[in-house]
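Visitor: Have a look; sequence and predicted model below, questions after that.
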Amino acid sequence: MSQQSRPLPAGNRDGDGQLLITRHAPVDRVFHWITALAVLVLLASAFVPILGLKFSWVPLHWITGVVLTAAVLFHLLRAFPRLRCMWIRVKDFRDLAGGRRAAKYTLAQKLMHAAMGLAVLVVTATGVVMLAKVDTPLWQRNPYLLESDTWGWVYVLHGAAALVILTLTMAHIYFSLLPEKRAYLRAMIGGQMTREEAAVFHDPQRWSGQRKDDPRENHT
């Protein structure tokens, strides 16, 4: 029986009868939206005061930063065994040049993940160090933890990473709202997309939406 004539497997279907496949597990969606909310709050509390709106932003900023750090650590521990599926490989560029569809993640998605992931790691690492300059109910500030020159580099790295995150966040929101990318947004909200939507950018032979072969990077 050919690939085209093979009957669709049983499963959930949308209102038009199209087969729904799972793209994001509930825990991944919860992580994504907690991270997104934390990043937006951090960006707002960091840049809005620069525009002239004065409010007590420091407590909101550092508490949200702790939440983001906890979320990132959780994601690293949970996703580490599956990290290879996000590796950027030479084959990804060859597939793009040859017009071949990707497995679960396209090259653009991998590049966005790598850039955003690196920026978030830098901003959280430097943010944790900067907590030494904040008085909290849990500890007293210690501005002499590092030399002044070292503090300068910490602030430079933190600010540069924040600007990268701001740029990538705006790009991420823009692309998620494009009609041709709307299925990804629905999948991040509800966890599923139709097989037909997935087949536009993803090879069903390499990613079928089934947990047992999600993703099938070995089919390369």
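Guide: The structure has been received and is ready for your questions.
Visitor: Let me see the ranges of the helices in the protein.
Guide: Per DSSP state H, the chain carries helices over the ranges 26-47, 57-79, 90-97, 107-130, 148-176, 182-190, 195-201.
Visitor: Give me the distance from the longest one to the chain's centre.
Guide: It stands for helix 148-176. Per Cα atoms, centre = their mean, to the nearest Å, the displacement of helix 148-176 from the mean C-alpha position of its chain is 15 Å.
Visitor: Packing partners of that helix?
Guide: helix 26-47, helix 107-130, helix 182-190 (3 or more Cβ pairs under 8 Å, 6 or more residues apart in numbering; DSSP states H and E). Every residue, glycine included, has its C-beta placed from N, CA and C.
Visitor: With distance to residue 209, mean neighbour count and mean pLDDT as new columns, can the helices of the chain be given to me in a markdown table?
Guide: What follows is those, written out as a markdown table (distance: least, Cβ to Cβ, whole Å; neighbours: other Cβ atoms under 10 Å; pLDDT from 0 to 100):
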| stretch | distance to residue 209 | mean neighbour count | mean pLDDT |
| --- | --- | --- | --- |
| helix 26-47 | 14 | 16 | 95 |
| helix 57-79 | 18 | 16 | 93 |
| helix 90-97 | 19 | 13 | 94 |
| helix 107-130 | 16 | 17 | 96 |
| helix 148-176 | 20 | 14 | 96 |
| helix 182-190 | 10 | 16 | 95 |
| helix 195-201 | 6 | 17 | 93 |
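Visitor: JSON lines for the ones you listed, including distance to residue 20?
Guide: Putting those into JSON lines (distance: least, Cβ to Cβ, whole Å) gives the following:
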{"stretch": "helix 26-47", "distance to residue 20": "15"}
{"stretch": "helix 57-79", "distance to residue 20": "24"}
{"stretch": "helix 90-97", "distance to residue 20": "26"}
{"stretch": "helix 107-130", "distance to residue 20": "20"}
{"stretch": "helix 148-176", "distance to residue 20": "19"}
{"stretch": "helix 182-190", "distance to residue 20": "9"}
{"stretch": "helix 195-201", "distance to residue 20": "8"}
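Visitor: looking at those helices, which is closest to residue 137?
Guide: Among those, helix 57-79 comes nearest to residue 137, with 10.2 Å by Cβ to Cβ.
Visitor: so the closest one versus helix 107-130, what angle?
Guide: 130 degrees (axes from the mean of the first three to the mean of the last three Cα atoms, to 10 degrees).
Visitor: Just send the helices and strands packed on helix 148-176 back as JSON lines, with distance to residue 196 too.
Guide: Output for these, formatted as JSON lines (distance: least, Cβ to Cβ, whole Å):
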{"stretch": "helix 26-47", "distance to residue 196": "22"}
{"stretch": "helix 107-130", "distance to residue 196": "19"}
{"stretch": "helix 182-190", "distance to residue 196": "9"}
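Visitor: Would you tell me which of those gets closest to residue 153?
Guide: Proximity to residue 153, assessed across the helices and strands packed on helix 148-176 by Cβ to Cβ, is greatest for helix 107-130 (8.9 Å).
Visitor: And that closest one, what does it pack against?
Guide: On a contact count with 3+ Cβ pairs under 8 Å, 6+ apart, helix 107-130 meets helix 26-47, helix 57-79, helix 90-97, helix 148-176.
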